[in-house]
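[1] got a sequence here, can you model it:
(one chain, ligands or ions: 1)
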Amino acid sequence: MTEEIRSTNKRNKDRDAESLKFDYTLLMSCQRSVVALNKTLVHILEEVVAPYEYKVYLSSDGTERDRFYLFSSSSGALENPQEIDQIRQFDLDELESVDELVLIDENKIFYPAILNHRFYACIVTGIDVSEEVDEQIICILAIYCNVLILITDSKVDGLTQLLNRKSFDIDLALELQRPDIEKRRSSDGVVEVLESHLAIIDIDFFKAINDEYGHVVGDEVLVELADLMRLSFRSRDGLFRYGGEEFAVILRDVSRQQTKRILNRFCNMIENHQFKSVDSLTISIGCCGINNELNLLHLVEYADKALYYSKENGRNRVTHFEDIE
Ligand SMILES: Nc1nc2c(ncn2[C@@H]2O[C@H](COP(=O)(O)OP(=O)(O)OP(=O)(O)O)[C@@H](O)[C@H]2O)c(=O)[nH]1
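    Model prediction:
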């Protein structure tokens, strides 16, 4: 082969690699949900990494390493607990981006998808992958992380990292479309109706906190309250920053009595919590059942009315809309 032909081949190959990168950048950036993006990732890997064997591990939300799970594998291979242990060994504080570290053991390569100290996914392959495929995987993961962050950031409130108001509207509308309520007999023989409930939580006299300590401390209080919500509610419940100092929770598959118990417990916990920058504060809560005969505006109106009742009747309390005479 002459020099000229060889260099043309190389140029074509480089161009192919470039156009391939362009293709999967385009494919991934068109996705609007995490589910669709994950499916696209797998689809691209099927094209790029085959015929090498690989597994795709995903983390539930990028922060909890204990929650990595096998999402897909080339040969139908099963989840390998040893691999998950190895994934957990990556030092997040040391890493800023995807291409900084690839872990290679005797017979595997671990490609972590990491951005801004968050660990989103890990691809595991054999050590026999070509240099070209190796580069492609790193590139694919960099694009994956960036698109993932764009998708999730648009759903999350920047200050508290809870879901934002836009997500609230979408999730509440979806909740209204969920099929019928479920019935269950409780331990004392009473038949309980299990349904979803909406709660709106408002900090009492928050203006006074801002006025006395300043807005920076006010913001810290909002962040701390959001952390306490994450600790107190179940992972299947939806947690939102509804507006300024108002939060919302969608509690799923609970009875009215349970809802009141859970919310009262949260109210008491906040009352007794020693916040970092303010001694104490209280919250008021209004809640209502999510009945699919209602529409979104009615639901928010009912929860708001119940919240107003809590405020008017001494604050630091929970009111269920159906309990208002
Ligand atoms: N620091 C901070 N303050 C906020 C934010 N959003 C809203 N606020 C403040 O929250 C306060 C809400 O005050 P009000 O609606 O008067 O109610 P309140 O003082 O909490 O009194 P009650 O709700 O009646 O118990 C206002 O001072 C807003 O400026 C925010 O993101 N950060």
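[2] would you mind finding the longest strand in the protein?
    Ranked by residue count, the top strand of the chain under DSSP state E comes out as strand 191-203.
[3] mean confidence score for it?
    Strand 191-203 shows a mean pLDDT of 89.
[4] flag every buried residue along it.
    By neighbour count with 16 or more other CB atoms under 10 Å, strand 191-203 contains the buried residues 192, 195-203. Glycine gets a C-beta too; all of them are placed from N, C-alpha and C.
[5] near the ligand, which of those show up?
    When contact is defined as CB under 6 Å from any ligand atom, the buried residues of strand 191-203 meet the ligand at 202-203.
[6] tabulate the buried residues of strand 191-203 (JSON lines), appending distance to residue 156.
    Compiled in JSON lines, the buried residues of strand 191-203 are given as follows (distance: CB to CB, whole Å):
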{"residue": "192", "distance to residue 156": "33"}
{"residue": "195", "distance to residue 156": "27"}
{"residue": "196", "distance to residue 156": "21"}
{"residue": "197", "distance to residue 156": "23"}
{"residue": "198", "distance to residue 156": "20"}
{"residue": "199", "distance to residue 156": "20"}
{"residue": "200", "distance to residue 156": "19"}
{"residue": "201", "distance to residue 156": "18"}
{"residue": "202", "distance to residue 156": "21"}
{"residue": "203", "distance to residue 156": "20"}
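[7] and the angle for the helix or strand following the longest strand of the chain with strand 191-203?
    Once strand 191-203 ends, the next helix or strand along the chain (criterion: DSSP states H and E) is helix 206-213. Relative orientation of helix 206-213 versus strand 191-203 (axes from the mean of the first three to the mean of the last three CA atoms, to 10 degrees): 40 degrees.
[8] contacts for the next helix or strand after helix 206-213, please.
    On the C-terminal side of helix 206-213, the nearest following helix or strand under DSSP H and E is helix 215-232. Helix 215-232 is contacted by residues 159-162, 201, 203, 206, 209-210, 239, 241, 245, 247, 249, 265-266, 269-270, 273, 275-278, 281, 283 when judged by CB atoms under 8 Å, 6 or more residues apart in numbering.
[9] no more questions from me, cheers.
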